[in-house]
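Enquirer: take this sequence and fold it.
(2 chains)
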Amino acid sequence: RKEVEQDPGPFNVPEGATVAFNCTYSNSASQSFFWYRQDCRKEPKLLMSVYSSGNEDGRFTAQLNRASQYISLLIRDSKLSDSATYLCVVNPLPAGNNRKLIWGLGTSLGVNP
Amino acid sequence: DAGVTQSPTHLIKTRGQQVTLRCSPKSGHDTVSWYQQALGQGPQFIFQYYEEEERQRGNFPDRFSGHQFPNYSSELNVNALWLGDSALYLCASRLRGGQETQYFGPGTRLLVL
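Expert: The predicted model follows:
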């Protein structure tokens, strides 16, 4: 089993749709989790950090289920500008020590007019 | 406030050559990490520098080496280039004080022919 696995993409949805991505991780001792977005040929940019059970930021909601070892990202009211690759990142070390961040392969989202 | 900067933006080399990539972290950041991102893959951790020392290393051969300068800027050196070294090389810096969030530079796209 890979250390971090994400939904296979691509996801193609119409504007205004709600879309959810899942990410599973194998190390039950993992401490913190992140979602990054990466536009084509650009660097990754932090979208959300996920601590405790999850958090919400506008149209984006991230949830953490430690028992089942997965993190989800929900995007409501999709915009064309949400089209990107979404990368799940897991930190198996204590918070503040991110020398061993583990990155998923990413899920590609395309939002269509 | 300038973000993380990297140079050059693009580079073409031939097999066997050597390359040096450069990174300047955000102001106030003292920890620099380097990642390799092949096409269609997530970033792979190469190594991290703090206080001018390599603190942690990923699964990369000794052909990959680095350096951090007193002003916190960093270099990544790759010797004896292989075709498989073609990738986007990302530098990420972290805020002094152990904050977990990393900020990425735009990357250097290296093509080895």
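Enquirer: show me where pLDDT drops low in chain B?
Expert: B:1, B:96-100 (pLDDT under 70).
Enquirer: ok, for A:Gln6, nearest residue in space, not its chain neighbours?
Expert: Spatial nearest neighbour of A:Gln6, chain neighbours left out: A:Gly104 (4.1 Å); criterion: C-beta to C-beta, 6 or more residues apart in numbering or on different chains. Bear in mind the C-beta positions are built from the backbone N, C-alpha and C, glycine included.
Enquirer: bridging residues for the residue sitting nearest the centre point of chain B?
Expert: Ranked by distance to the mean C-alpha position of chain B (C-alpha atoms, centre = their mean), the top residue is B:Trp34 at 3.3 Å. Counting by DSSP bridges, B:Trp34 is bridged to B:Phe47, B:Cys91.
Enquirer: dump the residue contacts of it.
Expert: Contact partners of B:Trp34, counting by C-beta atoms under 8 Å, 6 or more residues apart in numbering or on different chains, are B:Cys23, B:Phe45, B:Ile46, B:Phe47, B:Gln48, B:Gly66, B:Ser74, B:Leu76, B:Tyr89, B:Leu90, B:Cys91, B:Ala92.
Enquirer: how about the fifth one, nearest residue that isn't a chain neighbour?
Expert: In this case it means B:Gln48. B:Ser33 (4.4 Å).
Enquirer: again, but for the second one
Expert: Leaving aside its chain neighbours, B:Phe45 sits nearest to B:Gly58 (4.0 Å; criterion: C-beta to C-beta, 6+ apart).
Enquirer: neighbours of the one you found, how many?
Expert: For B:Gly58, the count of nearby residues is 17 (other C-beta atoms under 10 Å in any protein chain shown).
Enquirer: over to A:Asn112?
Expert: With other C-beta under 10 Å as criterion, A:Asn112 counts 11.
Enquirer: residues contacting it?
Expert: A:Asn12, A:Val13, A:Pro14, A:Glu15, A:Leu80.
Enquirer: ok, now A:Asn12?
Expert: A:Leu109, A:Gly110, A:Val111, A:Asn112 are the contacts of A:Asn12 under C-beta under 8 Å, 6+ apart.
Enquirer: including secondary structure, could those go into TSV?
Expert: Shown next, in TSV, are the contacts of A:Asn12 (DSSP: H, G, I helix; E, B strand; the rest coil):
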residue	secondary structure
A:Leu109	strand
A:Gly110	strand
A:Val111	strand
A:Asn112	strand
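Enquirer: list buried residues within the residues you listed.
Expert: A:Leu109, A:Val111 (16 or more other C-beta atoms under 10 Å in any protein chain shown).
Enquirer: nearest residue to residue 57 other than its sequence neighbours?
Expert: All of this is about chain A. Closest to A:Asp57 by C-beta to C-beta, 6+ apart is A:Met48, at 5.9 Å.
Enquirer: you looked at the wrong chain, it should be chain B
Expert: Counting by C-beta to C-beta, 6+ apart, the residue nearest B:Arg57 is B:Phe47, at 4.5 Å.
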